[in-house]
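J.: The following comprises the amino acid sequence and a computationally predicted model.
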Amino acid sequence: MTTILGQNQYGKAENRVVKITRDGDTHHIKDLNVSVSLSGDMDEVHYSGSNANVLPTDTTKNTVFAFAKERGVESAEQFGIHLARHFVTSQEPIHRARIRIEEYAWERIEGSDAQSGKKHSFVRSGQEVRLTQVTYDGSAWEVVSGLKDLTVLNSTDSEFWGYVKDKYTTLQETNDRILATEVSGRWRFNWTDDAAEMPDWEASYQETRKHMLQAFADTYSLSLQQTMYEMGKRIIDGRSEIDEVRFSLPNKHHFLVDLEPFGLKNDNEVYFAADRPYGLIEATILRDGCKARIPVDLTNL
Ligand SMILES: O=c1[nH]c(=O)c2[nH]c(=O)[nH]c2[nH]1
């Protein structure tokens, strides 16, 4: 043999499952995009084409939909845990399951008549996408959750000055600028053992998001790096179930427009929102004594 098989995994990606839970007239919606990736004793299907160990990707898709009915969707994390456990424990050749889930949020539309009792109309929130990745190898769990596309802006309390200047530097120092970013963040839970008590995944998400947003709002910023560190620190200090946070924050630059040619003064009022290029500020914030495990490049997660 001149070649050998390296790391391999397979499954059905992007199963779009919408679960409606009916509580009388009041309906609840969970809207998920679930990707299943399995690995284990899969040499033969690659070397000889024997499918003897292959649970079809079509079956993994069906399992996602069947589990939405059978187990319900309490939280993205809990749903991922049910699926990962099922694949690893029910299929001998499968040693590891990785379940990635994106969750899209919906808000209720209130009818014009509050008494009308209509509780089944929703508008998709233009907010963030919630994310989780659950990995199980038959003994240890790894749960990394997070979000992307959460756009935030401070219209003051942001300065940037005192930086290195060389012959190519043209940026003007400022002590009052707009600070805006589209948060992509991931946090790793220290729950790894079935015997240990599980976090309350829903409460954890809501509180972590709140810590992050409050730190963004509360921090008088001398750089996006400083604000980002405060956001991570607030999460680690406030949430004992989380040991590691990773952020990727594009600095969404807002440049003051020169209105002098029109005889107008721009008193920090009119900005050009540039879409590219953008500064890209990234870091991991860790609980002291813990190891970093979230990939540096979040697009790889
Ligand atoms: O918050 C910032 N951090 C930087 O590293 C940087 N660099 C830059 O040009 N503008 C900014 N802003």
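T.: Right, received. Where do you want to start? Residues are numbered from 1 along each chain as shown.
J.: Where does the record place the domain boundaries for the protein?
T.: 7-139, 146-301 (automatic domain parsing).
J.: of all these, which has the lowest average per-residue confidence?
T.: Lowest mean pLDDT of the domains of the chain: domain 7-139, a mean of 91.
J.: Can you get me the start-to-end distance on it?
T.: From its first residue to its last, domain 7-139 covers 20 Å (Cα to Cα, to the nearest Å).
J.: roughly how far is that domain from the heart of the chain?
T.: 15 Å (Cα atoms, centre = their mean, to the nearest Å).
J.: What's the end-to-end length of stretch 4-16?
T.: For stretch 4-16, the end-to-end distance is 35 Å (Cα to Cα).
J.: Do a quick rundown of the strands in the chain.
T.: 15-23, 26-40, 94-108, 122-136, 141-154, 179-189, 242-251, 254-256, 271-273, 279-286 (DSSP state E).
J.: that older thread, redo the domains of the chain as CSV? Include mean neighbour count.
T.: In short, each C-beta sits where N, CA and C put it, glycine included. Formatted as CSV, those follow (neighbours: other Cβ atoms under 10 Å):
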stretch, mean neighbour count
domain 7-139, 16
domain 146-301, 15
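J.: Quick one: closest of those to the ligand.
T.: Proximity to the ligand, assessed across those by Cβ to the nearest ligand atom, is greatest for domain 146-301 (3.5 Å).
J.: so what's R209 closest to, chain neighbours aside?
T.: L147 (6.9 Å; Cβ to Cβ, 6 or more residues apart in numbering).
J.: Just send the domains of the chain back as CSV, with distance to the ligand too.
T.: Below are those laid out as CSV (distance: least, Cβ to the nearest ligand atom, whole Å):
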stretch, distance to the ligand
domain 7-139, 21
domain 146-301, 4
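J.: thinking again about what came up before, surely the residue nearest to R209 touches V183?
T.: Yes - with contact taken as Cβ atoms under 8 Å, L147 and V183 are classed as touching, separated by 6.8 Å.
J.: any common contacting residues for the two?
T.: E128 (Cβ atoms under 8 Å, 6 or more residues apart in numbering).
J.: chain center to stretch 265-281: distance?
T.: Relative to the mean C-alpha coordinate of its chain, stretch 265-281 is positioned 26 Å out (Cα atoms, centre = their mean).
J.: For the residue nearest to R209, name its beta-bridge partners.
T.: R130, G185 (DSSP bridges).
J.: give the contact list for it.
T.: So L147 contacts E128, V129, R130, L131, V183, S184, G185, R209 (Cβ under 8 Å, 6+ apart).
J.: got it, and L5?
T.: So L5 contacts D43, H46, Y47 (Cβ under 8 Å, 6+ apart).
J.: residues contacting the second one?
T.: Contact analysis of H46 by Cβ under 8 Å, 6+ apart lists L5, N8.
J.: Now do it against K61, distance only.
T.: Using Cβ to Cβ, to the nearest Å, one gets 21 Å for the distance from H46 to K61.
J.: Kindly report the same for E260.
T.: From E260 to K61 the distance is 61 Å (Cβ to Cβ).
J.: Mind exporting the C-alpha coordinates of stretch 250-270 to PDB?
T.: The C-alpha coordinates for stretch 250-270 follow below in PDB (Å, rounded to 0.1, in the frame of the first residue of the first chain):
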ATOM      1  CA  PRO A 250     -14.400  42.500  13.500                       C
ATOM      2  CA  ASN A 251     -13.900  46.200  14.300                       C
ATOM      3  CA  LYS A 252     -16.700  47.800  12.200                       C
ATOM      4  CA  HIS A 253     -15.100  51.100  11.500                       C
ATOM      5  CA  HIS A 254     -17.100  54.300  11.400                       C
ATOM      6  CA  PHE A 255     -15.200  57.200   9.900                       C
ATOM      7  CA  LEU A 256     -16.200  60.800  10.400                       C
ATOM      8  CA  VAL A 257     -17.200  62.300   7.100                       C
ATOM      9  CA  ASP A 258     -15.500  65.500   6.100                       C
ATOM     10  CA  LEU A 259     -18.300  68.000   5.700                       C
ATOM     11  CA  GLU A 260     -16.000  71.100   5.300                       C
ATOM     12  CA  PRO A 261     -16.400  71.100   1.500                       C
ATOM     13  CA  PHE A 262     -20.100  71.800   2.000                       C
ATOM     14  CA  GLY A 263     -19.400  74.500   4.600                       C
ATOM     15  CA  LEU A 264     -20.700  72.300   7.400                       C
ATOM     16  CA  LYS A 265     -19.200  71.300  10.700                       C
ATOM     17  CA  ASN A 266     -19.200  67.600  11.600                       C
ATOM     18  CA  ASP A 267     -19.400  67.500  15.400                       C
ATOM     19  CA  ASN A 268     -19.100  63.700  15.800                       C
ATOM     20  CA  GLU A 269     -22.500  63.300  14.100                       C
ATOM     21  CA  VAL A 270     -22.100  62.000  10.600                       C
END
